[in-house]
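Enquirer: compute the structure for the input listed below.
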Amino acid sequence: MIYRCKAPLRIGLAGGGTDVSPYSDLYGGAILNATLSLYAHATIEPLEEDDIILQGIDRKEEQRFPQGIHMDSLPTDGTLDLLKGVYNRIRKDYGWQRKGFRLSTFVDAPAGSGLGTSSTLVVAIIGVFTEMMKLPLGEYDIAHLAFDIERNDLKLAGGKQDQYAATFGGVNYMEFYKDDKVIVNPLRVKQQYLFELENNLLLYYTATSRESAKIIEVQSSNVVNKKEKSIEAMHQLKHQAQLMKEALLRGRIHEIGDILDFGFRQKQQMAEGISNPFIDDIYERAKKAGATGGKISGAGGGGFMTFYCPAISKYKVMEVLGGLGGHCQPYAFTGHGMSSWTV
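Expert: You can find the predicted model right below:
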């Protein structure tokens, strides 16, 4: 048998960064995001021998551990650590009585692109082990386990939204509190509103990547050191998530560009490295071409950007952005989260 799982990537529409500790612990965070028809994929093929083979197909990385089934844990050494981290945790929590296997992964967007690729991949890997081992894990269990593996086992800095977006799917307003408490509120947005948003929201890859952990560490430090400018910007971004929720539910799609622009200005105040002259130039060119607002995806610094382009302005914006070295990414919103199956 072959076991498979896929989990959708996401775009954050508002509130980005307020899911990161210690801000969410002290003040409570709120984010509105939506999942896309871009996925992280994971496949497990059981083997007759006891070898463990790990493959990151998109990264062109592979490691083999002869008789690895007898090791207490696989070494996390900078290569395929997300795959190893999930296996180590599954083995620790649920035991392992099986033979060897090949775990293969592929992500539809580059690492460091701002669409939650790492966390989504962790969710997909947990999902494929859950499918194979029939583990009794619900959506909140899987999302929290993914967060725990990344933040505590692998010591990777970051927030909490990506794991929950990938697991639940759809358009969600998420709330974040101390003690890692997360509440996912699925939004019943009318299909015609989503169609209009999908039509007008342009996803642009800047052809640059960034290491989100460094930006997030600066952001967290600003909260610890009580930098008022940074904390106030996060308060405003939390308010932005509420504005975005109301606009989507009430069908005031024409307001979304201005809400995004408001968030872009606030996010620049959160931490150094979120924006830079390259990002600012792209943003201003898009606005001159007809976009009314936009944002940097994820922690910032590079990766994907999104722009709201009313009427038919997206075609002019696409033309302008096409000359800047990146590319516009086709996508559709998806209403489902992590899915697994057996072949």
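
Enquirer: distance-wise, check D50 relative to R91.
Expert: 14 Å (C-beta to C-beta, to the nearest Å). For the C-beta atoms, the positions are set from N, CA and C on the backbone; glycine is no exception.

Enquirer: tell me which element L32 falls in.
Expert: Taking DSSP states H and E as the criterion, L32 maps to strand 29-46.

Enquirer: that should have said L13, apologies.
Expert: Assigned by DSSP H and E, L13 falls in strand 3-14.

Enquirer: helices and strands around that strand, which ones?
Expert: strand 29-46, helix 117-133, helix 161-168, helix 228-250, helix 256-267, strand 304-308, strand 339-342 (3 or more C-beta pairs under 8 Å, 6 or more residues apart in numbering; DSSP states H and E).

Enquirer: what distance separates that strand from the centre of its chain?
Expert: Its chain's C-alpha centre and that of strand 3-14 lie 7 Å apart, by C-alpha atoms, centre = their mean, to the nearest Å.

Enquirer: paired strands for it, with orientation please.
Expert: Strands that pair with strand 3-14, judged by DSSP bridges, come out as strand 29-46 (antiparallel), strand 339-342 (antiparallel).

Enquirer: could I get the average pLDDT for that strand?
Expert: The pLDDT scores in strand 3-14 average 97.

Enquirer: quick one: name whatever helix or strand follows it.
Expert: Trace forward from strand 3-14 with DSSP H and E and the next one is helix 23-27.

Enquirer: ok, residues contacting that next one?
Expert: Identification of contacts with helix 23-27 by C-beta atoms under 8 Å, 6 or more residues apart in numbering yields 17-18, 29, 159-160, 176-179, 219-220, 223, 231, 234-235, 238.

Enquirer: among the residues you listed, name the buried ones.
Expert: Using 16 or more other C-beta atoms under 10 Å as the burial test, the contacts of helix 23-27 include G17, T18, G29, G159, K160, F176, Q219, S220, V223, I231, M234, K238 as buried.

Enquirer: farthest pair within those residues?
Expert: The most widely separated members of those, counting by C-beta to C-beta, are K160 and I231 (18.4 Å).

Enquirer: for the residue nearest the centre of the chain, list the residues it contacts.
Expert: Geometric centre of the chain, nearest residue: G116, 1.9 Å, by C-alpha atoms, centre = their mean. Residues in contact with G116 (C-beta under 8 Å, 6+ apart) are L9, R10, Q161, D162, A165, A166, G298.

Enquirer: okay, now the domains of this structure?
Expert: Annotated domains of the chain cover 3-188, 191-328 [automatic domain parsing].

Enquirer: I'd like the ones you listed written out as TSV, with distance to T342 added.
Expert: What follows is the domains of the chain, written out as TSV (distance: least, C-beta to C-beta, whole Å):
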stretch	distance to T342
domain 3-188	6
domain 191-328	31
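
Enquirer: on that earlier part again, alpha carbons of the strand holding L13, as PDB, please.
Expert: Taking Å, rounded to 0.1, in the frame of the first residue of the first chain, the C-alpha atoms of strand 3-14 are listed here in PDB:
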ATOM      1  CA  TYR A   3      -0.200   6.400   1.900                       C
ATOM      2  CA  ARG A   4      -0.600  10.000   0.800                       C
ATOM      3  CA  CYS A   5      -1.500  13.300   2.300                       C
ATOM      4  CA  LYS A   6      -1.700  16.900   1.000                       C
ATOM      5  CA  ALA A   7      -2.300  20.100   2.900                       C
ATOM      6  CA  PRO A   8      -3.000  23.600   1.400                       C
ATOM      7  CA  LEU A   9      -0.800  26.600   1.600                       C
ATOM      8  CA  ARG A  10      -2.300  29.900   2.700                       C
ATOM      9  CA  ILE A  11      -2.300  33.600   2.200                       C
ATOM     10  CA  GLY A  12      -2.700  35.800   5.300                       C
ATOM     11  CA  LEU A  13      -5.100  38.600   4.500                       C
ATOM     12  CA  ALA A  14      -4.900  40.500   7.800                       C
END
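
Enquirer: that'll do, ta.
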